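J.: mind folding the following:
(2 chains)
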Amino acid sequence: MRRTFVILALLTLALLTYALYQGMVVAPTEQTMGEVQRIFYYHVPSAVTAFTLFLINFAVSIVYLVGRSQRADALAVSTAEVGVVFCTVVLVTGPLWARPVWGIWWTWDARLTSTLLLWLIYVSYLILRRYSTSGQTPVIAAVLAVFGFLDVPFVYLANRLFRTQHPQPVYFGGPGSGADPRMTYALLMNMAAFFAFAALVVWLRFRLERARQDFEETQALEALLQPDARSPR
Amino acid sequence: MKFLYAAYAATWVIHITYLAFLGRRYRRLRDEMQEFRKK
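T.: Numbers count the residues shown, from 1 in each chain, chains lettered A, B, ... in the order given. Prediction:
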């Protein structure tokens, strides 16, 4: 298992390096924004990865609510946590791109506000899981995850439905949308690299959660088997 | 260019910080398990 992980980690590192080279060197410089537009190659893949992780979180939360599977619960918390990390990257790289291009760090338009709301929903989910002592915490968290995911399609559609400071979609935005093929290739490579990296981190987090679940189960069993824990006759 | 470098650096600072945090949690759980086995 450890050997497989090391091999996959090295392959991911190679892909990340190759994708970085594509984004920083091979992709042409955008005409209006200049070099700063290259933030696109980290900003967009981070957003797509976060949305994908929240989608998995949504699906496994439903699986948990239906069957109370511990594995589904472990995968739910893992994808939510790693999704929040990627969403944080989006919220940090966005203003760093906005400042030189728009002249402002932030504006309360539909796309930016809904993304911040999405981050807050999943941070609330993680705080609930971390600090609630109720035995029903995984159930409450799963319900929150199912409803929280409703914000993801809204974030995606925000700049299609409303007039926003955030640019209109580069891809799937109707006639005239799209980019230079070298830019598209660099974007796809970065997306693949970020997906691979996210999968590895989720794997690590999932193993940790499973180990914690097993340990808690062992502790509970041990406590039940203690002589003084038996109920008096 | 400084904004571009800042964005790329911030991305990896966030990911590496999270990985370090994950590593700390692994170590803490391992210590708790060892402590429990000793009892």
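J.: what residues does chain B put near chain A?
T.: Residues of chain B lying near chain A by C-beta under 8 Å from any C-beta of the partner chain: B:1, B:3-4, B:6-8, B:10-11, B:14-15, B:18-19, B:22, B:25-26, B:29, B:32-33, B:36. Yep, even glycine has a C-beta here, placed from its N, CA and C like the rest.
J.: where does A:P175 land on pLDDT?
T.: If you check A:P175, the pLDDT there is 69.
J.: any idea how many residues pack against residue 31?
T.: Here I'm looking at chain A. Residues lying near A:Q31 (other C-beta atoms under 10 Å in any protein chain shown) number 7.
J.: let's do chain B instead
T.: 10.
J.: cool, A:P167 as well?
T.: 13.
J.: who are the neighbours in contact with it?
T.: A:N159 (C-beta atoms under 8 Å, 6 or more residues apart in numbering or on different chains).
J.: try A:F195
T.: Counting by C-beta under 8 Å, 6+ apart, A:F195 has contacts A:45, A:49, A:52.
J.: A:V152 now?
T.: If you count contacts by C-beta under 8 Å, 6+ apart, then A:V152 has A:51, A:54-55, A:58, A:118 around it.
J.: how far away is it from chain B?
T.: 20 Å (C-beta to the nearest C-beta, to the nearest Å).
J.: ok, A:T88 next?
T.: In terms of C-beta to the nearest C-beta, A:T88 sits 6 Å off from chain B.
J.: tell me which element the residue lying closest to that residue once chain neighbours are set aside is part of?
T.: Among residues not flanking A:T88 along the chain, B:I14 sits closest, at 5.6 Å (C-beta to C-beta, 6 or more residues apart in numbering or on different chains). Using DSSP states H and E, B:I14 falls within helix B:2-38.
J.: now do the lengthiest helix in chain A and helix B:2-38, the angle between them.
T.: For chain A, the helix that runs over the most residues, judged by DSSP state H, is helix A:181-225. Interaxial angle, helix A:181-225 versus helix B:2-38 (axes from the mean of the first three to the mean of the last three C-alpha atoms, to 10 degrees): 20 degrees.
J.: I'd like the average pLDDT over helix A:181-225.
T.: 94.
J.: check stretch A:14-24 too.
T.: Mean predicted confidence for stretch A:14-24 is 96.
J.: buried residues, it. List them.
T.: For stretch A:14-24, a neighbour-count test (16 or more other C-beta atoms under 10 Å in any protein chain shown) marks A:15-16, A:19-20, A:22-23 as buried.
J.: ok, now stretch A:28-39?
T.: A:36-39.
J.: low-confidence regions, chain A specifically.
T.: A:173-176, A:228-233 (pLDDT under 70).
J.: and it, which residues reach chain B?
T.: Counting by C-beta under 8 Å from any C-beta, chain A sits next to chain B at A:20, A:35-36, A:38-39, A:42-43, A:46, A:82, A:85, A:88-89, A:92-93, A:96-97, A:99-100, A:197, A:201, A:204-205, A:208, A:211-212, A:215, A:218-219, A:222.
J.: just the buried ones among those residues, please.
T.: A:20, A:36, A:38-39, A:42-43, A:46, A:82, A:85, A:88-89, A:92-93, A:96-97, A:100, A:197, A:201, A:204-205, A:208, A:212.
J.: centre-most residue in chain A?
T.: A:G83 (2.0 Å; C-alpha atoms, centre = their mean).
J.: assign it to helix, strand or coil.
T.: helix (DSSP: H, G, I helix; E, B strand; the rest coil).
J.: that one contacts A:N57, correct?
T.: Yes - at 6.4 Å, A:G83 counts as touching A:N57 under the criterion of C-beta atoms under 8 Å.
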